[in-house]
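Trainee: attaching a predicted model along with its sequence, questions to come.
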Amino acid sequence: MRTTTRDDFECWLSDMSDALDRFMTRLPDELRGKLDFSVSSLDSIEAWLLQRYGSTREMLAASESQVVDGLARYVGETFRRFLGGKWTVQLDDPKFAYYGLPILVGFGKQSAPVCPHTLVTASADRRKGVYLSTVAKNLRELFGDAV
C-alpha cells in the first residue's frame, strides 16, 4: 500500500482500527483466537501466511492487496506495541527504500525504520515460520533499554 500524499497516509493511519477489524474477520476463527498483538502471535500469522501463499509473487497479486495490507498492519501494530515508536511515511525522497510505504520509527535512539509491508513479503520469501518474531526479538535485544 504505497501512499503518494500525507493525506493518503493520514487516512490509512486513521483507518487502522477498522482495517484491522476487517482483516481479522477474514481469518479463520482458530487463527483469530491466537492474534493478541504479542510477539508469539507473529508466528501464528506467519504460519497462516506461508500456508496461504506459496511464493512472494502470489502474495503480490493485485487481488491480494487488502490481505497483504491487513497483514502489514497487524505486524506493524505488534511491533509498535512491543518496541514502541510510531507510524509515519516518507514522501520527500523517491530514492528512499520505503518511499511511500508506512514505516515505524522512533523505537531506539538510532534505529533504522521498520517497514511492515516489506517484512511481510520477506517472510513469504524466506519461509522460516519464525522470521517476523525473530526480527522483533532481535530489534528488542539490539535497542534494549531504549525500547
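Mentor: Perfect, thanks for sending it. Quick caveat, the model's predicted, so the values are computed rather than measured.
Trainee: how much space between the closest residue to Ser44 other than its chain neighbours and Ser41?
Mentor: Computed as C-beta to C-beta, 6 or more residues apart in numbering, the closest residue to Ser44 that is not its neighbour in sequence is Lys34, at 4.2 Å. (Glycine included, C-beta is placed from N, CA and C.) The gap separating Lys34 from Ser41 is 6 Å, by C-beta to C-beta, to the nearest Å.
Trainee: quick check: the residue nearest to Ser44 touching Ala47?
Mentor: No: the criterion here is C-beta atoms under 8 Å, and Lys34 misses it with Ala47 at 9.5 Å.
Trainee: so what's the predicted local confidence for the residue nearest to Ser44?
Mentor: If you check Lys34, the pLDDT there is 97.
Trainee: same deal with Lys109?
Mentor: In this model, Lys109 carries a pLDDT of 70.
Trainee: quick one: it is in a strand?
Mentor: No: Lys109 sits outside any strand when classified using DSSP: H, G, I helix; E, B strand; the rest coil, being coil.
Trainee: roughly how far apart are it and His117?
Mentor: Distance, Lys109 to His117, using C-beta to C-beta: 25 Å.
Trainee: of the two, which one has the most company?
Mentor: With neighbours defined as other C-beta atoms under 10 Å, Lys109 and His117 compare such that His117 has more, 20 against 8.
Trainee: for the longest helix belonging to the chain, packing partners?
Mentor: Longest helix in the chain by number of residues (criterion: DSSP state H): helix 65-83. In terms of contacts (3 or more C-beta pairs under 8 Å, 6 or more residues apart in numbering; DSSP states H and E), helix 65-83 is packed against helix 16-25, helix 39-52, strand 86-88, strand 103-105, helix 116-126, helix 131-143.
Trainee: so for the last one, mean pLDDT?
Mentor: It stands for helix 131-143. pLDDT averaged over helix 131-143 gives 92.
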